[in-house]
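Here you go, sequence then predicted model.
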Amino acid sequence: MAEKTTAAVGDKQIIIETGKLAKQADGAVTVQLGETIVIVAAVAATKAKEGQDFFPLTVDYREKAAAAGKFPGGYFKREGRPTEKEILTCRLTDRPIRPLFPKGWYNEVQVQTIVLSADGENDPDILSIIGASAALLVSDIPWAGPLGAVRVGRINGKFVANPTHSQARESDLDLVYVGNETDVVMFEGSAREICEADFNAALRFGQECCAPLIAAQKELAAKAGKKKREIQLNVVPDEILQEAKQLAGDRFVPALLTPGKLNREAACNAIKEEVGAKLVEKYGAEKITPFVINDAFYYIQKEAVRKLILEKNQRLDGRGFDGIRPITSAVGLLPRAHGSAIFSRGETQAIALATLGTGDDVQEFDSYTGGENEKRFILHYNFPNFSVGETGRISGPGRREIGHGALAERSIEPMLPMADYPYTVRVTSEIMESNGSTSMATVCSGTLALFDAGVPMIRPVAGISVGICTEYAANKQISKYQLLTDIIGWEDAYCDMDCKIAGTEKGITGFQLDLKLKGLPHAIMSEAIEKARIARLAILAEMAKTIAEPRKEISKYAPRITTLKINPEKIGALIGPGGKNIKKLVEESGCEIDIEDDGTVNIFSVSAEGMQIAVDHITGMTAEAEIGKIYRGKVVTIKEFGAFVEFLPGKDGLVHISELANFRVKKTEDIVKLGDEIYVKCLGVDEKGRVRLSRKAAMEDRSKEINAASEADAQPAAS
């Protein structure tokens, strides 16, 4: 039987319904906001696969063209591989729900979202998160929800819950907030230099918006929820875990404190191999599987790392808790890139390349659910295996790479004047080394590369990650914690938070929070945000030592640009029938030419000569005849009554036979022939746009100018 609940979030109603669709799934709901509707279905396998040693959660989100009453673009007229928007929404849905599954439960789980209706104003991504929470809550799948989710905007200083796409264009904040009943679970988004106090206020506003959503899901589960299934956890027997600890003894702490990531890993792996062999010898290979060894040593290393931090106030690399690893950077290291930079923070290193392109390089994409359908600033992030000293499958970018690139892109984009900047801009980040927060290194190297390319950024952007190590009391409240500035890889793996915040000296521009906890109190989150601010200012100061502002000149390999303004009514004539005129001009000049509807013409060229050809042609073709002005033109038609002269590109006028010379002309060909170049003066333009020209008047005016110049040259020099 179908059941439905409604949550009032801001001035909008969100409707959650179950029992109508996908009834064979373990849990399924539809979520509706306005006329945007998604279905989210969750299914868990009845048992884990043989030898499974990790939790295989798959979250998938798909937008359908039919949901917006459209056809897919392309030849096949069917949706293909997931778009970047779909991949980012998969990650947005995955990250808050993943930590709430039981540890040691390895049954495969799939959560799938399909957009059934898209009204073009209400984005379905928030509904996907709410739907995933509700579907898991009403199912028999073990999961420690529910969660609420909301998009927070700020328009004219006032926070708005789930702004429409129209409202979002006026907002200086785009915050996706996910919370449980009391604490923050995840956030992600961008802002236009929001200060830390206002950002904390936005988080609190997001938490308030989650309350009715959580209440509605609980109500739905009470009406239609299934009893949670009995599960079996795959954990290392306590006897074996204690034996492994005893065999390792006190050797793990010195190994963990070994300087250098690879040396540290090697020291710990040596202990693991030795102790693993002794466990096999004692208990047998059937009982001591590779999974048992790996899992046992994960818990041993995790416990040792956390004790070092919480009990001995020590970090693995010897830094203080607020310390930032040594920073080095350089620009201009790649000669053919339009801009390039390298940024290193400890054992994390990123090279960024900036490329300036034309209007033809704008990224266009189908937008079924509303929002923008093109991008003029693009940032791509690549993470090769060698950056962590490993081998592996070499393929295209995965979800993680797309997500990290998107975080860096939205962190830098608010500081780019793309509304007025004629270039399309691309930054590619190639990770050379990784040991903690390569996405924030990408923000720093990307900023430096853009400065090197001469892109007029408003202010430089930097980013840092802050982690946390926590200890819980018997009442399941945090009793002890330590925040960690600039976390390294093992602090990310064995501790509880990765909070990335990027921004300028004036405020925050990009952010992303991932927790391994079920939630984090806002007071602690506020402390982390302040530590990120202090670290960001220190990093910006280091970056300024390398390059403090954008270069005044762009690379000699970047296309130069000249912008002309023409009468919009002349656009058709400039383009020509079927694009004939503009294609010919592009071919002759070697330029790329972008024409906008308001008459703005952007000409891109790496050749000064080609640029001049294009400018002269467009200026001439779109210029209006000026009465009294002398032109040099070409005779294009001979008639008995005179000659037609092309005095501007594509524009000709009549020189009547009486205006060919200062004497009576019997025959036009006696004075001019087809193809002759002559000077003519514009006498007038009639109401139909026909131009009257005079060779006679032009000759008289030029003669006067020549005589005047001669007389001036003949005058004696002043004594």
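The structure has been received and is ready for your questions.

distance of the closest residue to Gly206 other than its chain neighbours from Ile508?
Among residues not flanking Gly206 along the chain, Tyr177 sits closest, at 2.9 Å (Cβ to Cβ, 6 or more residues apart in numbering). Any C-beta I mention is one placed from the backbone N, CA and C, and that applies to glycine too. Tyr177 is 14 Å from Ile508, where distance means Cβ to Cβ, to the nearest Å.

same question, Lys228
Lys228 sits 39 Å away from Ile508, going by Cβ to Cβ.

and if you look at Val635?
Counting by Cβ to Cβ, the separation of Val635 from Ile508 is 67 Å.

More neighbours: the two, which one.
The neighbour comparison of Val635 against Ile508 (other Cβ atoms under 10 Å) goes to Ile508, with 29 against 22.

Show the contacting residues for that one.
191, 193-196, 199, 501-502 (Cβ atoms under 8 Å, 6 or more residues apart in numbering).

Name the SS class of the residue nearest to Gly206, please.
Under DSSP: H, G, I helix; E, B strand; the rest coil, Tyr177 falls in the strand class.

so what's it bridging to?
Per DSSP bridges, the residues bridged to Tyr177 are Val150, Phe187.

Tell me the pLDDT of it.
Here the pLDDT value assigned to Tyr177 is 98.

Surely it touches Val152?
Yes: with contact defined as Cβ atoms under 8 Å, Tyr177 counts as touching Val152 (5.8 Å).

Overlap in contacts, these two.
Common neighbours of Tyr177 and Val152, counting by Cβ under 8 Å, 6+ apart, are 202, 206, 209.

Mind telling me what element the nearest residue to Ser658 once chain neighbours are set aside is part of?
Distances taken as Cβ to Cβ, 6+ apart put Val665 closest to Ser658, at 7.4 Å, once the chain neighbours are dropped. Val665 is part of no helix or strand when elements are defined by DSSP states H and E.

What is the burial count for Ala270?
A count of nearby residues for Ala270, using other Cβ under 10 Å, gives 12.

likewise Ile15?
Neighbour tally, Ile15, other Cβ under 10 Å: 15.

Would you agree it falls within a strand?
Yes: assignment of Ile15 by three-state DSSP places it within a strand.

where's the closest residue to it other than its chain neighbours relative to Ala118, distance?
Nearest residue to Ile15, sequence neighbours excluded (Cβ to Cβ, 6+ apart): Gln32, at 4.4 Å. Distance of Gln32 to Ala118, computed by Cβ to Cβ: 11 Å.

which residues of this structure score low on pLDDT?
709, 712-719 (pLDDT under 70).

and stretch 374-382, how far out from the chain's middle?
Centre-to-centre, stretch 374-382 and its host chain are 6 Å apart (Cα atoms, centre = their mean, to the nearest Å).

For Gly689, which three-state class applies?
Using three-state DSSP, the structure places Gly689 in coil.

Could you pull out the buried residues of stretch 28-43?
Neighbour-count burial for stretch 28-43 flags 28-34, 36-43 (criterion: 16 or more other Cβ atoms under 10 Å).

Identify the farthest-apart pair in these.
Spatial extent of the buried residues of stretch 28-43 (Cβ to Cβ) is set by the pair Gly34 and Val43 at 28.2 Å.

Measure how buried Met699 is and give me the count.
Counted with other Cβ under 10 Å, the neighbours of Met699 add up to 18.

Which of the helices or strands spans it?
Assigned by DSSP H and E, Met699 falls within helix 695-714.

Can you point out the buried residues in that helix?
695-699.

For Leu515, give the beta-bridge partners.
Met497.

Okay, it and Arg251: tell me how far apart.
In this structure, Leu515 lies at 31 Å from Arg251, with Cβ to Cβ as the measure.

Neighbour count: these two, which is higher?
Each of Leu515 and Arg251 has its neighbours counted (other Cβ under 10 Å); Leu515 has more, 23 against 15.

follow-up on the earlier one: could the buried residues of helix 695-714 go into a markdown table alongside distance to Phe604?
Listed next are those as a markdown table, based on distance: Cβ to Cβ, whole Å:
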| residue | distance to Phe604 |
| --- | --- |
| Arg695 | 39 |
| Lys696 | 43 |
| Ala697 | 40 |
| Ala698 | 36 |
| Met699 | 41 |
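
Kindly indicate which of these lies nearest Gly392.
The nearest member of those to Gly392, counting by Cβ to Cβ, is Ala698 at 75.7 Å.

I'd assumed Tyr679 was in contact with that closest one.
Yes: between Ala698 and Tyr679 a contact is recorded at 4.2 Å, counting by Cβ under 8 Å.

Now list whatever residues contact both of those two.
Common neighbours of Ala698 and Tyr679 (Cβ under 8 Å, 6+ apart) are Ile630.

between Tyr177 and Val152, who's got more neighbours?
Between Tyr177 and Val152, Tyr177 has the larger neighbour count (other Cβ under 10 Å), namely 29 against 24.

Let me see the contact set for that one.
Applying Cβ under 8 Å, 6+ apart, the residues contacting Tyr177 are 149-152, 184, 186-187, 202-203, 206-207, 209-210.

can you rerun that using 7 Å?
Tyr177 makes contact with 149-150, 152, 187, 203, 206, according to Cβ atoms under 7 Å, 6 or more residues apart in numbering.

Once you drop chain neighbours, what's closest to Thr46?
What sits nearest to Thr46 in space, not counting adjacent residues and going by Cβ to Cβ, 6+ apart, is Asn107, at 7.3 Å.

Send over stretch 428-447 as PDB, restricted to the C-alpha atoms.
Taking C-alpha atoms only, stretch 428-447 is exported to PDB below (Å, rounded to 0.1, in the frame of the first residue of the first chain):
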ATOM      1  CA  THR A 428      44.700  20.800 -16.400                       C
ATOM      2  CA  SER A 429      46.200  19.500 -13.200                       C
ATOM      3  CA  GLU A 430      48.700  16.600 -13.400                       C
ATOM      4  CA  ILE A 431      49.400  15.100 -10.000                       C
ATOM      5  CA  MET A 432      53.000  14.100  -9.700                       C
ATOM      6  CA  GLU A 433      53.000  13.000  -6.000                       C
ATOM      7  CA  SER A 434      50.200  12.300  -3.600                       C
ATOM      8  CA  ASN A 435      50.300  12.300   0.200                       C
ATOM      9  CA  GLY A 436      47.200  14.200   1.200                       C
ATOM     10  CA  SER A 437      44.800  16.700  -0.400                       C
ATOM     11  CA  THR A 438      45.900  16.800  -4.100                       C
ATOM     12  CA  SER A 439      42.700  18.700  -4.900                       C
ATOM     13  CA  MET A 440      43.800  21.600  -2.700                       C
ATOM     14  CA  ALA A 441      47.300  21.500  -4.300                       C
ATOM     15  CA  THR A 442      45.400  21.700  -7.600                       C
ATOM     16  CA  VAL A 443      43.700  24.900  -6.500                       C
ATOM     17  CA  CYS A 444      47.100  26.400  -5.600                       C
ATOM     18  CA  SER A 445      48.900  25.300  -8.800                       C
ATOM     19  CA  GLY A 446      45.900  26.200 -10.900                       C
ATOM     20  CA  THR A 447      45.900  29.800  -9.500                       C
END
